[in-house]
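Q: Sequence and predicted structure below; questions after.
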Amino acid sequence: MRPFEQSGEITSGETLALFGRALRYVQPFRQRFAVKALLTVLSLLPVLALPWPAKLLIDHGVLQMPIDAPTTPHPALVSWLLAPLAGASAFEILVAMLLVQLVLIALVGGFGTDPGQQHRRAGTVAGASGALVEGRDDATRSENQANQAFSFASGLLGLLDFRYMLRLTQALNHHYRARLFERIQSLPLPAFDDERIGDAVYRVMYDTPAITVLCYRLLITPLVAPVQIGLTVAVLLTVYAAYPEIAWLACSFLGVAFLATLPFAGLLRRSGMRSRGAGATSTATVEEGMANIVAVQSLGTARREQRRFDRDSWSAFGAYRRFVLAEIGVSVAASAGAIGLSALAFFFISERVIRGELSPGDFTLLFGYFYQTGGYAGALGRLWIDVQSSAPGLNRVSFLMDLPGEQDPPGARELPPVRRGIALERVSFGYPGGALALDDVSLEIPVGQVTALVGSAGAGKTTLAYLIPRFLAPTAGRVCIDGADLAGVALGSLRAQIAFVFQETVLFDASVAENLRLARPAASDAELRRACEVAGADEFIRALPQGYDTRLGRGGGKLSVGQKQRLAIARALVRDARILILDEPTSALDPETEQRLVAALREASRDRAVVVIAHRLATIRAADQICCLERGRIVERGTHAELMARPSGAYRHFVELQTRGAA
């Protein structure tokens, strides 16, 4: 299985564990969530009054029933507020009710019942909500989830609640994304050898917002729904004590919603996992196509890459359509029971209005409270099914978070400044499922010398170099610096003393100076120029439009291969580390620049241990010791002259192949 590859199956037990883990991430924000909960409850209290003005207007304004003789008695607070209107005309009652409605609208506006769905349907339900236009895919929907904000009320209370939640949502998502990005940065270097970077990007940007929806559903709905149900039922049983069936019918939404949607939980998790996996594949295809656009164009494979993207993109949409189909099934199942309960309530209330037991205003009030109670009971009943859509995203993020990262062993020691050098003691290394890349290698790399590693491709040169900064750990033997085993050394203190120039040049879309200061942020302008002069980069940098302030474009796209290589070498020299490792540093340099660099490496080795992996003879021959590797073993070691003196030696054969090729 590849590093990021995982099964599409998530059991109910695993889902509960994921939810518990997600809630632990809320710990740093628990006080802010408590404030959000308080604002939510406060915004709900005035909602209890919203149906009353309509009832009073119908009964006492339109039907002109006496205020002091209602069909059903008013609560004490309502009777007290209506007392001044006793004997008022229908017009005066109309004006009074309009004023009350205006006050309520200014304070709470309308109201909603479902925090889990409201952010998707901005403007289609009451309450305060805001969202960008989104497509029918996880990627665009997740952008709204990462910035989700809503309130059950609108008006002034809703605005306050909305603004507070927006900041809380963004803080939570930033915290979650930052933790995941930090984890990715700490993964061992080989973790990405067989992995597509686009998949990791998808997890950071589009899977992490799943925590937002989940936490609000798990923390807000179980708090808000029981409170609102309890308050509304209390009002119903107080005002309409003779008709408790209305309250119990509304509460039945909870059981109906739960039983109707429960069978769909596993289906939603599986289809959601496949949808996100397909989306990650299409994102990775885009990333690879953009990163390798030069190769695509030069090889004439643009049409083939287009077909590959078409296939992956359409597959992502197909997987999402299947996920939406599962959601539709959930909605249909839940709606069937809700329609039945609503029909029962409608006939029950209508019959009593027709018989004169209830007024037309009571009909409006009862149905208002019925749908309030039913909405919150349904949201509580659908809670388990609603949170299923968050499980796939959380699973993908948690899987990446659980990959073993680089870490210091218990009791790790800080590595003091390197004084003597590096020693490999009978070191072996094998990649999982493969042959040994290094086999029983012993080598001294002293400070004050240049050590060159030569050999054919696959001989183990780069693997040996990767052991020094602990990008890889030996499967047998020890790597020591000044006698200290690197297995017990703090990783940060080790890498702080190493500058590594990789075979593939890595540059960022930043200025030349910013790229150089990645090695040492405090480096002065004079130190940058000195390093660039040594690496043969100063001349072409000064010729750029803004000199050292010129932005290099994506991956240094504005520079030639040789210029990128010189800049990478200059960056390593800026670091001023005690160990300097260069993997093919002169492969793209002209002979004059190569000679200057070799001289600079000789100068740098006075107080450094310098390791050079190279094939070009001009770079190798000046080394203090040359190690020739074959099949993971050092077969020869010595200076250029010593090794050339061996008539049938491996190094001499290596040199003769070069010289014959040059001739």
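A: That came through, no problem.
Q: Leaving out the residues flanking it, which one is nearest to the residue of the chain most remote from its centre?
A: Of all residues in the chain, G87 sits farthest from the chain's C-alpha centroid, using CA atoms, centre = their mean; the distance is 64.5 Å. Nearest residue to G87 in three dimensions, chain neighbours excluded: I67, at 7.9 Å (CB to CB, 6 or more residues apart in numbering). Glycine gets a C-beta too; all of them are placed from N, C-alpha and C.
Q: Point me to the helix or strand that includes the one you found.
A: Taking DSSP states H and E as the definition, one finds I67 inside no helix or strand.
Q: re earlier: can you list phi and psi of the residue farthest from the centre of the chain for me?
A: phi 80, psi 0 (degrees, to the nearest 10).
Q: likewise N395?
A: According to degrees, to the nearest 10, the main-chain angles of N395 amount to phi -60, psi -40.
Q: And the nearest residue to it once chain neighbours are set aside, how far from L18?
A: Excluding the flanking residues, the one nearest N395 by CB to CB, 6+ apart is I10, at 5.4 Å. For I10, the distance to L18 (CB to CB, to the nearest Å) stands at 8 Å.
Q: which residues are in contact with both of those two?
A: Counting by CB atoms under 8 Å, 6 or more residues apart in numbering, the shared contacts of I10 and L18 are 391, 395.
Q: per-residue pLDDT, the residue nearest the centre of the chain?
A: With distances taken as CA atoms, centre = their mean, V204 lies nearest the centre of the chain, 2.0 Å away. According to the model's per-residue confidence, V204 sits at a pLDDT of 83.
Q: correct me, but it touches F181?
A: Yes - taking contact to mean CB atoms under 8 Å, the distance of 5.8 Å between V204 and F181 places them in contact.
Q: picking up where we left off before, state the distance from the residue farthest from the centre of the chain to L45.
A: G87 sits 31 Å away from L45 when distances are taken as CB to CB.
Q: again with L467
A: Separation of L467 from L45 (CB to CB): 66 Å.
Q: So for the two, which sits in the more crowded spot?
A: L467 (20 against 14; other CB atoms under 10 Å).
Q: Surely the more buried one touches P474?
A: Yes - look at L467 against P474 with CB under 8 Å: they come within range, at 6.0 Å.
Q: so what sits against both of the two?
A: Taking CB under 8 Å, 6+ apart as the contact criterion, the residues that touch both L467 and P474 are 427, 429, 438.
Q: Among those, which one has the most neighbours?
A: The most crowded member of the shared contacts of L467 and P474 is L438, carrying 27 neighbours; neighbours defined as other CB under 10 Å.
Q: before we move on, what SS does it have?
A: On the three-state scheme (DSSP: H, G, I helix; E, B strand; the rest coil), L438 is labelled strand.
Q: May I have the beta-bridge partners of it?
A: In this entry, L438 is beta-bridged to F429, by DSSP bridges.
Q: And it, how far from E514?
A: When L438 is compared with E514 (using CB to CB), they lie 36 Å apart.
Q: And D386, by the same measure?
A: Taking CB to CB as the measure, D386 falls 46 Å from E514.
Q: about what we covered before: next, count neighbours for the residue nearest to G87.
A: Per other CB under 10 Å, the neighbour tally for I67 reads 19.
Q: In this structure it contacts L85, no?
A: Yes - because the distance of 5.6 Å satisfies CB under 8 Å, I67 is recorded as touching L85.
Q: Find the residues that touch each one of the two.
A: Listed as contacting both I67 and L85 by CB under 8 Å, 6+ apart are 60, 93.
Q: Let me know the pLDDT of D440.
A: For D440, the model assigns a pLDDT of 92.
Q: Actually, F323.
A: We note a pLDDT of 80 for F323 in this prediction.
Q: sorry, back to before: D386 and E514: who's more crowded?
A: Taking neighbours as other CB under 10 Å, D386 and E514 compare with D386 leading, 23 against 15.
Q: how close does that one get to L214?
A: 9 Å.
Q: Show me what the helix or strand that L601 is a member of is packed up against.
A: Secondary-structure assignment from DSSP H and E places L601 in helix 591-604. Taking 3 or more CB pairs under 8 Å, 6 or more residues apart in numbering; DSSP states H and E as the contact definition, the neighbouring helices and strands of helix 591-604 are helix 525-534, helix 561-575, strand 579-583, strand 609-613, helix 617-620.
Q: Helices of the stretch 301-450 of the chain, residue ranges please.
A: Secondary structure of the stretch 301-450 of the chain by DSSP state H, counting those that start in this stretch: the helices cover 302-354, 360-381, 383-386, 391-401.
Q: Out of these, the one nearest V610 is which?
A: The closest of the helices of the stretch 301-450 of the chain to V610 is helix 391-401. By CB to CB, the value is 36.7 Å.
Q: hmm, who's touching that closest one?
A: Taking CB under 8 Å, 6+ apart as the criterion, the residues outside helix 391-401 that touch it are 4, 6, 10, 14-15, 18-19, 21-22, 138, 142, 176, 179-180, 183-184, 200, 203, 206-211, 214, 269, 272-273, 275-277, 280.
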